[in-house]
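Visitor: take a look and give me a structure for this.
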Amino acid sequence: MSARMNREDRLRLWRAERAVDRMEEMDRKVFLAIRVEELSYSEIAQRFGITVADVEWHFAGSLRVLMVAMDEKDPWWWRFRF
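Guide: I've put the predicted structure just below:
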């Protein structure tokens, strides 16, 4: 396997990064706590002082933003990025 990413992988990563940037603040915090820090819902609820149901709500919101972003077509200017 190559250490370099191909164009499709770079585009996928770029879209994911932009999606995380566009998330609401709490949605982003919850998403990163779940996906990066690998915390449980109850640990996140305790950290941010919210309920587990709120954690579920924010995580679902972040996933909606991510799904929409990953479904976008190539922007016309993408070919000039790399």
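
Visitor: CA only for contacts and neighbour counts going forward, please
Guide: Will do.

Visitor: what about residue 63, distance to residue 27?
Guide: Separation of residue 63 from residue 27 (C-alpha to C-alpha, to the nearest Å): 9 Å.

Visitor: so which of these two has more stuff around it?
Guide: residue 27 (23 against 18; other C-alpha atoms under 10 Å).

Visitor: contacts only, for that one.
Guide: The contact partners of residue 27, taken as C-alpha atoms under 8 Å, 6 or more residues apart in numbering, are 58, 59, 61, 62.

Visitor: tabulate these (a markdown table), appending pLDDT.
Guide: Shown next, in a markdown table, are the contacts of residue 27 (pLDDT from 0 to 100):
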| residue | pLDDT |
| --- | --- |
| 58 | 96 |
| 59 | 95 |
| 61 | 94 |
| 62 | 94 |
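
Visitor: regarding residue 37, what is its secondary structure?
Guide: Under DSSP: H, G, I helix; E, B strand; the rest coil, residue 37 falls in the coil class.

Visitor: what residues does it make contact with?
Guide: Here residue 37 is in contact with no residue (C-alpha under 8 Å, 6+ apart).

Visitor: go on, residue 54?
Guide: residue 45.

Visitor: roughly how far apart are it and residue 66?
Guide: If you go by C-alpha to C-alpha, the gap between residue 54 and residue 66 works out to 18 Å.

Visitor: and if you look at residue 19?
Guide: In terms of C-alpha to C-alpha, residue 19 sits 5 Å off from residue 66.

Visitor: hey, C-alpha coordinates of the helix or strand in which residue 19 is found in PDB?
Guide: Under the criterion of DSSP states H and E, residue 19 resides in helix 7-22. Extracted in PDB, the C-alpha atoms of helix 7-22 (Å, rounded to 0.1, in the frame of the first residue of the first chain):
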ATOM      1  CA  ARG A   7      -6.800  12.200  -5.500                       C
ATOM      2  CA  GLU A   8     -10.100  10.500  -4.300                       C
ATOM      3  CA  ASP A   9      -8.700   9.900  -0.800                       C
ATOM      4  CA  ARG A  10      -7.500  13.500  -0.600                       C
ATOM      5  CA  LEU A  11     -10.900  14.800  -1.700                       C
ATOM      6  CA  ARG A  12     -12.700  12.600   0.800                       C
ATOM      7  CA  LEU A  13     -10.400  13.800   3.600                       C
ATOM      8  CA  TRP A  14     -10.800  17.400   2.500                       C
ATOM      9  CA  ARG A  15     -14.600  17.100   2.500                       C
ATOM     10  CA  ALA A  16     -14.600  15.500   6.000                       C
ATOM     11  CA  GLU A  17     -12.400  18.300   7.400                       C
ATOM     12  CA  ARG A  18     -14.700  21.000   5.900                       C
ATOM     13  CA  ALA A  19     -17.700  19.200   7.300                       C
ATOM     14  CA  VAL A  20     -16.300  19.200  10.800                       C
ATOM     15  CA  ASP A  21     -15.500  22.900  10.400                       C
ATOM     16  CA  ARG A  22     -19.100  23.600   9.400                       C
END
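
Visitor: fine by me, we can end here.
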